[in-house]
Every structure is written in C-alpha cells, then in structure tokens.
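Participant: this one's sequence-less:
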C-alpha cells in the first residue's frame, strides 16, 4: 500500500536542508518537537532493543560515551534473556525480554534498535508512538512499504530517527555534494562503488561450527523473534544466520550495499532511482540460503546518471569508489576525496573530518536532541536506500528490470512505465 504522497522532489531532498546533505528540515525535527525538551546540559536517557551482534556494539559505544555525552541507561531488551541480562549487567540497568517494557520507561529519550531487519519497522513505529527518538540500524526497514510507514510516522510524531549508516558521519559526502553542485567535475553521468569480501570454505554469514541440530537456548523466545515472519519450528541457521534468508533480510543488498549506495546518494543528491537491475546468484555456496552470495546492481536516476555497485563475496579485489563527470572525476580515498580532470590535474581535494564511526553517529543524535544539529542519516535518506536495494533484490528474484512508479510510490516492472531516455529533472 503506497504511503501518503511525499512532499519531496529530488532537488529538495538535500538542497532545502539547513546543512547540505542532511535534510533534517523536511521533517522539522528539533529538540522541541517531541516529548521532553532536552537542555544543553541535561542527561539523555538511552534504552537498548536487541543486544547481540551489532547491538553489543551499541552497548559498548554508548558506555564509552556515558560521561562525555552525559548519558544514562534505563533498560535493555532481547528475546534471548541471557543476552539481555549480560548487556544489562554491563550497563548497570534492567533486563527485559519484551521490547515494549523498555518503551514504557519514561526516563528514556531514545532507543537503539539492532535486530534482524524484519523487526525494524514495528519497533521503530512503536518507539515513536511511545514518545521516543530512535537510532535504528541499517537498513531502516526490511521492505519499501515498511519504510513508507516509518517515514510517515516520523512526520506525524516529530520523533527523530537516526538510521545506522555510520559512514554518513564522515563529511566526505556532504563536501563532495557541495563540489559537485558548484560544477567541479561538470555534469555527473556515472558513479561506482563496491562492498567485496572473500570467504573461505564457509559462505557469507555462516558459522562453520553451527550444527543443524543445535538446540534452542532455553531462555530464548523463538516465537517473539519470528514476529510477523512465517512461523516455523526452531531452526538454528535461521536464528544465528538470518542474513541468508529473505524472510528476515535482503542479504548483500540490504546489509552491505546500503552502506555504499547511501554515500553516493548523499554526494550526488539522489532520491529514488528510475530503474534498477540486480544480478548475481547462489554461485559459490548452495547451502540452503535463498539470497545471492555474489551480487551486483545498477541504478539509473532521473537526473541522468547511473550508479554501479559490486558485491562479490568470493573475491576481495574491489573497484575505485568514484563519481564520473564530464569535466572530471571525483575519487574517494581513505583520507577524503580528490577531483581530477581527464589529464590528471587536481581540480579540488578534501581532507575529511569524522568517519564511519558508531560513536560519532550516536553523538550526532545526541547533539540533535540537545540543540537541533541536523541528523547525518535521517529517515528520508534511509528510505531512499531501502527503495534502491529492494528494487535490486526484486529484479534479481523476478529477472526483470524494476522501475519506480512515482505516482503510486511503489516499484513495478520497468516495462510497464513510460520511461524516456533523457534526464527527467533539471540539475542546478
């Protein structure tokens, strides 16, 4: 079901924000726009939902920021009680197996959500309804309709939402956007980026020591973990290796590509793609997974450019991260970026500040809550990423090029749309 018509054109997505690339002004989130007004010196209360894997990273990051950012911890929830208790002990707070118990704690100003993707939307919406701000791990949601529902709820409630694409706390991409906007590399026509790995005998997201008959932990609520996913008997591979199954995850596209495509979106001022193709397969590890172990996608955007993303899990040799323009090429480096013309002459360069850092991403949210600092990865940017990677996965599943129906606000087979071959939007 499509969401309400959004009020963003691609050009307004970034350019109307107070700081280029953050788009916080669209939702109008400020320290005054939700339940408790947080002063510059007030303590921020934090709760945690999901504390395995990436969730434990949030526990460690926030504990390290406790004094510097003036934080207090008020509750931890995980459907595996042992995990919940371990994290609660680390943070010296209470443990719960029902995430709603955390949302009931009035002292909490924001919650972290670090669960399998299929739970992101339900938990985020429930948190906003409970008056909480949210730091939700990427991808923002599992599906496009879920992303639309989350964004709608964010606009309705004014609750801030930071999406966990931590590279957005690296200023390389906002400064690249400024350079591109002023014409440093001319008209942009193409970008490329990758997320490659090489696994050995065991494929991506598999535990070589996990047995098929591994018993369910006695204090793990399997039914709660499944949530609205199809009901099945206990399966240790689905629980511990959930990124390999489409009912819980989008695999390479949603877990890895979202980190990369969001960078290009921010640098090139992109919103929804016009057409997307996803290609790859279960080529290396046919081990029961239903998502590809090697994958690539190409997105075509209305401004008149394409973005290529490589995602082989069988070979770690990558490609340069770059944006191609008519006048020159902008190369992302470990220290920032450099733009060169066709002869290699440096046109402009940038030494980055910040980085792909979970602590910086949390601090950005803390500053937003206290003084309205623009969020580095707000929900509209999170939703744009969800649209692109879901269209790529659907293309792979159906062997069709997928298109974005702007009127219905949903993905459809591209051949059903009247798409031309010239840019649809003027680029300032």
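Facilitator: Arrived safely. Since we're looking at a predicted model, the values are computed, not measured.
Participant: Quick check: residue 104 touching residue 130?
Facilitator: Yes. Contact criterion Cβ atoms under 8 Å: residue 104 and residue 130 qualify, at 7.3 Å. Bear in mind the C-beta positions are built from the backbone N, C-alpha and C, glycine included.
Participant: Quick one: the helices in the stretch 251-400 of the chain, in order.
Facilitator: Ranges of helices in the stretch 251-400 of the chain, per DSSP state H, counting those that start in this stretch, are 258-268, 358-371, 379-398.
Participant: Would you reformat the ones you listed as CSV and include distance to residue 72 and mean neighbour count?
Facilitator: Shown next, in CSV, are those (distance: least, Cβ to Cβ, whole Å; neighbours: other Cβ atoms under 10 Å):
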stretch, distance to residue 72, mean neighbour count
helix 258-268, 30, 25
helix 358-371, 12, 21
helix 379-398, 26, 25
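Participant: Any chance of those in JSON lines with mean pLDDT as columns?
Facilitator: Formatted as JSON lines, those follow (pLDDT from 0 to 100):
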{"stretch": "helix 258-268", "mean pLDDT": "98"}
{"stretch": "helix 358-371", "mean pLDDT": "97"}
{"stretch": "helix 379-398", "mean pLDDT": "98"}
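Participant: Got the domain ranges for the chain?
Facilitator: In the domain annotation for the chain, the residue ranges read 17-169+360-377, 172-202+248-354+385-416 (automatic domain parsing).
Participant: So what would you say the end-to-end distance of stretch 309-322 is?
Facilitator: End-to-end distance for stretch 309-322, by Cα to Cα, to the nearest Å: 11 Å.
Participant: Can you list the buried residues in it?
Facilitator: By 16 or more other Cβ atoms under 10 Å, the buried positions in stretch 309-322 come out as 309-313, 321-322.
Participant: of all those, which comes closest to residue 117?
Facilitator: Nearest to residue 117 out of those is residue 311 (Cβ to Cβ; 16.7 Å).
Participant: picking that back up, could you save the domains of the chain as TSV and add columns showing distance to residue 215?
Facilitator: What follows is the domains of the chain, written out as TSV (distance: least, Cβ to Cβ, whole Å):
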stretch	distance to residue 215
domain 17-169+360-377	13
domain 172-202+248-354+385-416	19
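Participant: ranking those domains by mean pLDDT, which is last?
Facilitator: Comparing mean pLDDT across the domains of the chain, the lowest value falls on domain 17-169+360-377: a mean of 90.
Participant: how far out from the middle of the chain is it?
Facilitator: 13 Å (Cα atoms, centre = their mean, to the nearest Å).
Participant: what's the distance between the residue lying closest to residue 122 once chain neighbours are set aside and residue 142?
Facilitator: Nearest residue to residue 122 in three dimensions, chain neighbours excluded: residue 227, at 6.8 Å (Cβ to Cβ, 6 or more residues apart in numbering). Using Cβ to Cβ, to the nearest Å, residue 227 is found at 11 Å from residue 142.
Participant: who has more neighbours, these two?
Facilitator: residue 142 (25 against 15; other Cβ atoms under 10 Å).
Participant: I figured that one hits residue 122, correct?
Facilitator: No. Assessed by Cβ under 8 Å, residue 142 is found out of contact with residue 122, at 10.0 Å.
Participant: and the domains of the chain, which is most packed in?
Facilitator: Among the domains of the chain, ranked by average contacts under mean count of other Cβ atoms under 10 Å, first place goes to domain 17-169+360-377 (a mean of 21).
Participant: just to revisit the earlier point, quick one: which of the helices of the stretch 251-400 of the chain is nearest residue 300?
Facilitator: Per Cβ to Cβ, nearest to residue 300 of these: helix 379-398, 10.5 Å.
Participant: Just the angle for the closest one relative to helix 258-268, thanks.
Facilitator: 120 degrees (axes from the mean of the first three to the mean of the last three Cα atoms, to 10 degrees).
Participant: From the contact counts, what lies against the very next helix or strand once past helix 379-398?
Facilitator: Note on helix 379-398: by DSSP states H and E, the next helix or strand toward the C-terminus is strand 402-405. Other helices and strands packing on strand 402-405, by 3 or more Cβ pairs under 8 Å, 6 or more residues apart in numbering; DSSP states H and E, are strand 275-281, helix 379-398, strand 410-413.
Participant: can you list the ones you listed in JSON lines and add distance to residue 164?
Facilitator: Below are the helices and strands packed on strand 402-405 laid out as JSON lines (distance: least, Cβ to Cβ, whole Å):
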{"stretch": "strand 275-281", "distance to residue 164": "23"}
{"stretch": "helix 379-398", "distance to residue 164": "9"}
{"stretch": "strand 410-413", "distance to residue 164": "23"}
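Participant: Of the ones you listed, which is nearest residue 84?
Facilitator: Residue 84 lies closest to helix 379-398 among the helices and strands packed on strand 402-405, at 26.2 Å (Cβ to Cβ).
Participant: Who are the packing partners of the closest one?
Facilitator: Checking 3+ Cβ pairs under 8 Å, 6+ apart, helix 379-398 ends up next to helix 144-157, strand 161-164, helix 258-268, strand 275-281, strand 294-301, strand 402-405, strand 410-413.
Participant: got these as a markdown table, with distance to residue 111 columns?
Facilitator: Shown next, in a markdown table, are those (distance: least, Cβ to Cβ, whole Å):
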| stretch | distance to residue 111 |
| --- | --- |
| helix 144-157 | 14 |
| strand 161-164 | 11 |
| helix 258-268 | 21 |
| strand 275-281 | 32 |
| strand 294-301 | 31 |
| strand 402-405 | 31 |
| strand 410-413 | 29 |
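Participant: of all those, which lies closest to residue 200?
Facilitator: With distances scored as Cβ to Cβ, the stretch of the helices and strands packed on helix 379-398 nearest to residue 200 is strand 294-301 (15.0 Å).
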